[in-house]
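In: The sequence and its predicted three-dimensional model are supplied below.
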Amino acid sequence: MKIATWNVNSIRARLENVISWLKETSPDVACLQEIKTVDETFPREALEDLGYNVAVHGQKSYNGVAILSKSPFDEVTPRLPGDDSDEQARYLQATISTGAGAVTIASIYAPNGNPVSSEKYAYKLDWMTRLRAHIQDLLRTEESFVIAGDYNVIPHDDDVHNPAAWAEDALFRPETLRSYRAILNLGLTDAFRACEQASHQYTFWDYQAGAWPKDHGIRIDHHLLSPQAADRLQASGIDRFVRGWEKASDHVPIWIELDV
DNA sequence: ATGTCGATACTTTATCGA
């Protein structure tokens, strides 16, 4: 089962690219982030026509997440638990049956958090604490799950072209990395890093300052796997080629292959 | 040295978020 995740930076602006990518790479499941539209205006039919079931948790203008799956959903649950007053659409969870049992997959869009001096950074850290608590609950099931999406976290120095340039950024602050490690330390596996040792493998290049042609990127889109899912991990890769397309998102898809 | 893109609205340009 191939499970991909891609921050598309507006599904309506990116629909032609998304369709081309789905046709070319044919993931079984695609987690999408920053769809930037409400459920009613999500281009559901165009994706159903490609053979996908569609689950959407949208929001006007900002955020919004979705999951596409060739297999039907057994269960779909929006919203990250822990704060009923949180209106931002950043979490969507679905369970899908496979030959090896059920697998739960979440599409997440963690807060960016910049600038660090603002309330946005406090929200980012709080959201990550809520994610950790929710994952702790999921671990009690002792089943396969995959938390895939834009974590807005640069895990290590070798996941960024110039670490010094990002030292003050919310994506690379020590408090951010500490919070991310606290999630990993529950016993999760960074799937890409478990499969690929090469450094400087990026999933995001800023639109500005020629970041893409100069390969000044960062690795911020990740699949974190439960122990049961990690046991079934076969491969992981980054679909870097879509960054060179016309009307590209600033992120590219990253995928894993699970033996289920 | 410079440099982007997408959504929105009292819209055709400014503002916000990333």
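Out: Ah, there it is.
In: does the residue nearest the centre of chain A sit in a helix or strand, and which one?
Out: Chain A has residue A:149 as the residue nearest its centroid, 0.7 Å off, counting by Cα atoms, centre = their mean. Per DSSP states H and E: residue A:149 is located in strand A:144-150.
In: Mind listing the strands that strand pairs with, and their directions?
Out: Here strand A:144-150 has these sheet partners by DSSP bridges: strand A:101-109 (parallel), strand A:221-225 (antiparallel).
In: Could I get the ones you listed in TSV, plus columns for distance to residue A:80?
Out: From N, CA and C alone the C-beta is placed, and that goes for glycine too. Formatted as TSV, the strands paired with strand A:144-150 follow (distance: least, Cβ to Cβ, whole Å):
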stretch	distance to residue A:80
strand A:101-109	8
strand A:221-225	14
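In: ranking those by burial, who's on top?
Out: Most buried of the strands paired with strand A:144-150, by mean neighbour count (mean count of other Cβ atoms under 10 Å): strand A:221-225, with a mean of 26.
In: Compute the distance between residue A:78 and residue A:26, please.
Out: Distance, residue A:78 to residue A:26, using Cβ to Cβ, to the nearest Å: 26 Å.
In: Same check on residue A:43?
Out: Counting by Cβ to Cβ, the separation of residue A:43 from residue A:26 is 19 Å.
In: Repeat that for residue A:98.
Out: For residue A:98, the distance to residue A:26 (Cβ to Cβ) stands at 17 Å.
In: repeat for residue A:35
Out: Separation of residue A:35 from residue A:26 (Cβ to Cβ): 21 Å.
In: out of these two, which sits in the busier spot?
Out: Neighbour count, other Cβ atoms under 10 Å: between residue A:35 and residue A:26, residue A:35 has more, with 30 against 13.
In: Can you pull the residues of chain A lying near DNA strand B?
Out: Within chain A, the positions near DNA strand B by Cβ under 7 Å from any atom of the strand are A:9-10, A:12-14, A:36-37, A:60-62, A:111-112, A:114, A:120, A:207-210, A:247.
In: Quick one: buried ones out of these?
Out: With burial judged by 16 or more other Cβ atoms under 10 Å, the buried subset of the residues of chain A next to DNA strand B is A:9, A:14, A:36-37, A:111-112, A:114.
In: of all those residues, which comes closest to residue A:49?
Out: The closest of those to residue A:49 turns out to be residue A:14 (Cβ to Cβ; 16.6 Å).
In: Buried residues of the helix or strand where the closest one lies, list them for me.
Out: Assigned by DSSP H and E, residue A:14 belongs to helix A:11-25. By neighbour count on 16+ other Cβ under 10 Å, the buried set for helix A:11-25 is A:11, A:14-15, A:17-18, A:21-22, A:25.
In: I'd like to know which elements that helix is packed against.
Out: Using 3 or more Cβ pairs under 8 Å, 6 or more residues apart in numbering; DSSP states H and E as the contact criterion, the elements in contact with helix A:11-25 are strand A:2-7, strand A:29-33, helix A:44-48.
In: Adding mean neighbour count, mean pLDDT and distance to residue A:138, write the ones you listed out as JSON lines.
Out: As requested, those are arranged in JSON lines below (neighbours: other Cβ atoms under 10 Å; pLDDT from 0 to 100; distance: least, Cβ to Cβ, whole Å):
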{"stretch": "strand A:2-7", "mean neighbour count": "26", "mean pLDDT": "98", "distance to residue A:138": "16"}
{"stretch": "strand A:29-33", "mean neighbour count": "28", "mean pLDDT": "98", "distance to residue A:138": "16"}
{"stretch": "helix A:44-48", "mean neighbour count": "15", "mean pLDDT": "98", "distance to residue A:138": "27"}
